[in-house]
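Chemist: Sequence plus predicted model, see below.
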Amino acid sequence: MMQKEIQNKEFKYSIRASKRARRMRIAVYCDSSIVVTVPLAFDFSRVENFVREKFDWIFKTLQRFSANGPVRDLGFLKSSRRDYKKYQSAVLEFAKNKVQYWNQFYGFSFNNINIKNQRTRWGSCSKKGNLNFNYRIFQLPENVADYLVVHELCHLQEFNHGKNFWSLVAKTMPDYKTLRAQLKNV
């Protein structure tokens, strides 16, 4: 874990070497963690300059997450009824915004969006066109939450996990396999 001060702002970031990475990239997650991913054979001395170049974006993203309220920072992994009731309306608004954004690309019609307190499921889509999401969607990394929403949206047209379904998902999430694996590991 590296700690840097840039423009009188201090933040920590971690560096992760990946054999799948082809270039350096940076990710800011909803829990305010910052991860720089680099290819295995990489000159680590270049990381600090990269982080400096991306400082404005990092800072704006951190501010955006904190503007969403303290919920994203609580790390509530338990399916407690109290937390569920407390955050249900905020999570519903979050899910509605995500569905509205991603449905611009698909144009599917649906009935209701519901937030549920489920222990084992992240989301579901009913035959009646209802989209259901676990209230903990709010705590997922942004790209994984986006994948979850796209996944359930695509079930509005394809109610299985066949070839046509994955083709629909890939239209907006070409890296869906990676995101799916990340969701399974949460």
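Modeler: Everything's here; your move.
Chemist: What average pLDDT does the longest helix along the chain get?
Modeler: Secondary structure of the chain per DSSP state H: the longest helix is helix 81-106. When pLDDT is averaged along helix 81-106, the result is 90.
Chemist: Quick check: next helix or strand after it?
Modeler: Next helix or strand after helix 81-106 toward the C-terminus (DSSP states H and E): strand 113-116.
Chemist: The residue lying closest to R23 once chain neighbours are set aside and R52: what is the separation?
Modeler: Ranked by Cβ to Cβ, 6 or more residues apart in numbering and with sequence neighbours excluded, the top spatial neighbour of R23 is P39, at 7.1 Å. No exception for glycine: its C-beta is placed from N, CA and C like everyone else's. From P39 across to R52, the span is 20 Å (Cβ to Cβ, to the nearest Å).
Chemist: Contact partners for N103?
Modeler: Listed by Cβ atoms under 8 Å, 6 or more residues apart in numbering, the contact set of N103 reads F110, L153.
Chemist: rerun at 6 Å
Modeler: L153 (Cβ atoms under 6 Å, 6 or more residues apart in numbering).
Chemist: what pLDDT does the residue positioned nearest the centre of the chain get?
Modeler: In the chain, the residue lying closest to the centroid (Cα atoms, centre = their mean) is E142, at 2.3 Å. For E142, the model assigns a pLDDT of 89.
Chemist: Over to N68?
Modeler: For N68, pLDDT reads 44.
Chemist: Name the SS class of H161, please.
Modeler: At H161, secondary structure determined by DSSP: H, G, I helix; E, B strand; the rest coil is coil.
Chemist: domain ranges for this protein?
Modeler: Here the domain parsing of the chain from automatic domain parsing is 2-67, 75-184.
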